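Undergrad: Attaching a predicted model along with its sequence, questions to come.
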Amino acid sequence: MHHTLEIENLHFSYPDGHVALKGVTLSIAPCEKVALIGPNGAGKSTLLLHLNGILHGRGEVKVCGLQLNGSKNGTLGKVRAAVGLVFQDPDDQLFSPTVFEDVAFGPLHMGKSEDETRQRVARALEAVNMGAYTDRVSHHLSMGEKKRIAIATVLSMDPEILVLDEPSAGLDPRARRGLIKLLRELPQTMLVSTHDLRLVQELFPRTVVMDQGLIVADGPTDAILNDAKLLEAHGLELV
């Protein structure tokens, strides 16, 4: 079966010697929505940063059948277009004077024409219900609005897979509810790292648990969230 994402025996250590990944193997099928949970320091963010070549460890990472490796060959650009990585803090993603320019940055960088870029920006903002915000200044928006715009900045590149790091962090209940509705409606394959186990319960049929650089459990969300022993062993709590 062709998987959207295939990771095989991935190892990674930071320059200070901290071992963050200790042989991670994971496959995600097209259109699958998968949650990634685990305590702080489990290696979740480190894993996500491998999916578009920001970090590069030992092992194999394939996105949409494309082998991702450290060389700056044609693959890296294609993989970065296929993986929409949304950081926890939207201010890491939003740096242009207006919302339009933030969302247009990716398509223009990919060499798309001005006309196609405008169409992509309009589609991406519509998808996150922010169509009226094109001329707004990103930094004047609320946290929930910024998160939506950050998602739009990657949707404008038509990614195959959305990778989100703590999407509900810092959101008030209404913005969080809106985010859950948005993620439910988006058609892309998704891998979402989160501490929000209620979000996991509502949105993701499959959950992967990481701890100390390893995948310690991978299965149906219901089974994992109902396994109190497993959750407790890995510092997780369904509040």
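TA: In hand now; what should we look at? This one's a predicted model, so the numbers in the text were calculated from it and none came from an experiment.
Undergrad: mind checking the SS state of the residue nearest the centre of the chain?
TA: Residue closest to the average C-alpha location in the chain (C-alpha atoms, centre = their mean): V163, at 1.6 Å. Three-state call for V163 (DSSP: H, G, I helix; E, B strand; the rest coil): strand.
Undergrad: ok, now L108?
TA: helix.
Undergrad: Tell me how far it lies from E114.
TA: Distance, L108 to E114, by C-beta to C-beta, to the nearest Å: 8 Å. For every residue, glycine as well, the C-beta is placed using N, CA and C.
Undergrad: who's more crowded, the two?
TA: Applying other C-beta atoms under 10 Å to L108 and E114 shows that L108 carries more neighbours, namely 16 against 10.
Undergrad: what's the pLDDT at the more buried one?
TA: Looking at L108, its pLDDT is 93.
Undergrad: what sits against it?
TA: T117 (C-beta atoms under 8 Å, 6 or more residues apart in numbering).
Undergrad: Tell me the spacing between it and C64.
TA: Separation of L108 from C64 (C-beta to C-beta) stands at 22 Å.
Undergrad: mind listing the strands for the protein?
TA: Shown for the chain, the strands assigned by DSSP state E span residues 5-13, 19-28, 33-37, 58-63, 66-68, 83-86, 161-165, 189-193, 206-211, 214-220.
Undergrad: So for S142, which of these sits nearest?
TA: Within the strands of the chain, the stretch nearest S142 is strand 83-86; the backing value is 16.6 Å (C-beta to C-beta).
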